[in-house]
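Asker: quick one: sequence plus predicted model below, questions after.
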Amino acid sequence: MITTPKTYWYTRMDDDEEAEKTKTPQSLPVDKHLFEARNVLITGTVTQELARDVTARLLALSHVSDAPINVIVCSPGGHVESGDMIHDMIKFVRAPVNMIGTGWVASAGALIYVSVPVERRFCLANTRFLLHQPSGGAGGPATDIEIQAREIIKMRDRLNHIFAAATGQPFERIEKDTDRDFWMGPEDAIAYGLVGKVIGSMADIG
């Protein structure tokens, strides 16, 4: 799902000074404890601002230690290229990453989710997963609409190859399933190769 960002799960970080002004006293210790626990939250719409924040946290945590980082994802999707940025950065950092799905993991959120090997993909008991092809509103002159349509097709094929590699499903199966909204619960997602294990607590990761 390609969307124009409208809502944010945290204060927009247009500049660092403004972000510091809008932080509440309650949020500062929460951020501190999350960092110390090596936990990163990805919640809400995937935007460029979210990608910047998550990337900064991943780089900082990886710099501090090679210990595993836990990324918790609950997202309806959003901007694909922002999802690409997080997906690639999770692979880029030195520290290994555990991916934990909760709530719903959809569209660009699912792209982020499959950035780690299947044995590091976990989810909680009531998580729902959604795979589908990218979409976007094309406008402008006819030639621009044609260019946008070609780019969406290339993006769809690229994402289908990523999901095929991540799940072990044939490309043709992924292509067919993502032609429409394809929902899975935890057990279906395990059988599909999307999820490695359903967990009930952090103690179950290992």
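Answerer: Perfect, thanks for sending it.
Asker: show me the shaky parts of this protein.
Answerer: 1-26, 136-140 (pLDDT under 70).
Asker: identify the single longest helix in the protein, thanks.
Answerer: helix 142-167 (DSSP state H).
Asker: which of the residues in that one are buried?
Answerer: 152, 155, 156, 159, 160, 162, 163, 164, 166, 167 (16 or more other C-beta atoms under 10 Å). Where you see a C-beta, it was placed from the backbone N, CA and C, and this is true even at glycine.
Asker: strands along this protein, start to end?
Answerer: 39-43, 69-75, 97-106, 121-123, 128-131, 182-184, 197-198 (DSSP state E).
Asker: nearest residue to the spatially most central residue of the chain in space, please, no chain neighbours.
Answerer: Central residue check for the chain by C-alpha atoms, centre = their mean: the C-alpha nearest the mean position is that of residue 112, 2.9 Å away. In this structure, residue 112 finds its nearest non-sequential neighbour in residue 86, 5.0 Å apart by C-beta to C-beta, 6 or more residues apart in numbering.
Asker: ok, residue 156 to residue 175 distance?
Answerer: With distances taken as C-beta to C-beta, to the nearest Å, residue 156 is found 8 Å from residue 175.
Asker: could you do residue 134 as well?
Answerer: For residue 134, the distance to residue 175 - C-beta to C-beta - is 13 Å.
Asker: got the buried residues for stretch 113-132?
Answerer: Quick answer for stretch 113-132 (16+ other C-beta under 10 Å): 113-116, 118, 120-124, 127-132.
Asker: picking that back up, tell me the one of the buried residues of helix 142-167 nearest residue 39?
Answerer: residue 166 (22.6 Å; C-beta to C-beta).
Asker: contacts only, for that closest one.
Answerer: Contacts for residue 166 (C-beta atoms under 8 Å, 6 or more residues apart in numbering) come out as 114, 118, 193, 194.
Asker: what's the answer for residue 186, then?
Answerer: By C-beta under 8 Å, 6+ apart, the contact set of residue 186 is 123, 125, 126, 127, 195, 198.
Asker: tally up the residues packed near the residue nearest to it when sequence neighbours are not counted, please.
Answerer: Computed as C-beta to C-beta, 6+ apart, the closest residue to residue 186 that is not its neighbour in sequence is residue 198, at 4.7 Å. By other C-beta atoms under 10 Å, the residues close to residue 198 number 18.
Asker: how near is residue 198 to residue 166?
Answerer: 18 Å.
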